[in-house]
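# Sequence first, then the predicted structure, then my questions.
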Amino acid sequence: MAWFKREKGSFDQTTPPEERRVRTEGLWVKCEACRGIVFRKNLEENLHVCPKCQHHFKMGARKRLEMLFDGRWTEHDAGMTSTDPLKFVDTKAYATRLKDARKKLGMNDALITAEGRLDGRGVVCCAMEFGFIGGSMGAVVGEKAARGIELAIETRQPLIIVSCSGGARMMEGTISLMQLAKVAAALGRLDEARLPFISLLTDPTTGGVTASFAMLGDLNIAEPGALIGFAGPRVIEQTIRQKLPDGFQRSEFLLEHGFLDAVVHRKDLKAYISNAFALLMD
Ligand SMILES: [Zn+2]
């Protein structure tokens, strides 16, 4: 009898799993520092800083530029893409990783070079995007940063680079390491042109990015609680066979030990950078 027979499909084929979830998903975010539950909208309004404990969440490159610039900005070299020179494959083909990241973020690599106004002053700002393969630096990121620096020199504008990176992009092997020298050389030319560079280090800034431009600012400033270092703490402990002190590789520790010039709360960053440029240039 038809009563006992399932006429069409089974339970598996009914509602797809993503539609079965309750729609409140994504409205709330758990803070990884204080474990408090924060309403996503409040977090966004608060510049992605936890209203309860002031933990600074990661901020995407576009949001960062929105925060720093007065209004619209002009993007440069947006179309530059990696050629995957080594045809690299690990657990996944590098080409697939690139394609997925491009689709997810609507950008071609892990850095945006932008030109706009900050408190009325023309500036060039390169902002890194952690969501794009861990903000890693391959040939495109290095080339875009170098061109951003050259743009600052040509147009006689100061430079900001916002770092947020796991380091060099291993899928491009030694080509990614060559970027360290290229960007550092370009910064040397910026220095000769007597134009200031403020390096803003955000959580995390590690590996080859720390080892090159992130630590070469006329001012090196960081957001509170950011992980900043070259090698990871475990690797260092194993190498030196010593226990590392508490808070090692965090902004505040680095400030105390002279590696940074300031630790600045996100809400004060724009005013801080604007004042610094006024002191350095006017
Ligand atoms: Zn919190």
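Happy to help now that I have it. Numbering: from 1, shown residues only.
# the bottom helix or strand of this structure by mean pLDDT?
The weakest-scoring helix or strand in the chain, judged by mean pLDDT, DSSP states H and E, is helix 17-20 (a mean of 58).
# And the ion, is the helix or strand following that helix touching that?
Scanning forward in sequence from helix 17-20 by DSSP states H and E, the next helix or strand is strand 28-30. No - counting by C-beta under 5 Å from the ion, no contacts exist between strand 28-30 and the ion, the nearest distance being 8.9 Å. (C-beta placed from N, C-alpha, C; glycine too.)
# Partner strands of strand 28-30 and their direction?
Strand 28-30 pairs in its sheet with strand 37-39 (antiparallel), by DSSP bridges.
# Sketch out the low-pLDDT regions of the stretch 1-150 of the chain for me.
Confidence mapping of the stretch 1-150 of the chain against pLDDT under 70 gives the ranges 1-3, 5-25.
# Enumerate the strands of it by residue range, in sequence order.
Using DSSP state E, counting those that start in this stretch, the strands found in the stretch 1-150 of the chain span residues 28-30, 37-39, 74-76, 111-118, 121-128.
# Need the winner for burial among these.
strand 121-128 (a mean of 24; mean count of other C-beta atoms under 10 Å).
# List the pairing partners of that strand within its sheet, with orientation.
Assessed with DSSP bridges, strand 121-128 is paired to strand 111-118 (antiparallel), strand 159-165 (parallel).
# For it, list the C-alpha coordinates in PDB.
C-alpha atoms of strand 121-128 as PDB (Å, rounded to 0.1, in the frame of the first residue of the first chain):
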ATOM      1  CA  ARG A 121      47.000  64.100   3.600                       C
ATOM      2  CA  GLY A 122      47.800  62.100   0.400                       C
ATOM      3  CA  VAL A 123      49.300  58.700   1.400                       C
ATOM      4  CA  VAL A 124      50.100  55.300  -0.200                       C
ATOM      5  CA  CYS A 125      48.900  52.300   1.900                       C
ATOM      6  CA  CYS A 126      49.600  48.700   1.300                       C
ATOM      7  CA  ALA A 127      47.300  46.400   3.300                       C
ATOM      8  CA  MET A 128      47.800  42.700   3.700                       C
END
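# quick one: contacts of that strand?
By C-beta atoms under 8 Å, 6 or more residues apart in numbering, the surrounding residues in contact with strand 121-128 are 61-62, 64-65, 68-69, 73, 110-118, 135, 141, 144-145, 148-149, 151-152, 155, 157-165, 209, 274, 277-278.
# now those residues: which count as buried?
Neighbour-count burial within those applies to 61-62, 64-65, 68-69, 73, 110-116, 118, 135, 141, 144-145, 148-149, 151-152, 157-165, 209, 274, 277; the criterion is 16 or more other C-beta atoms under 10 Å.
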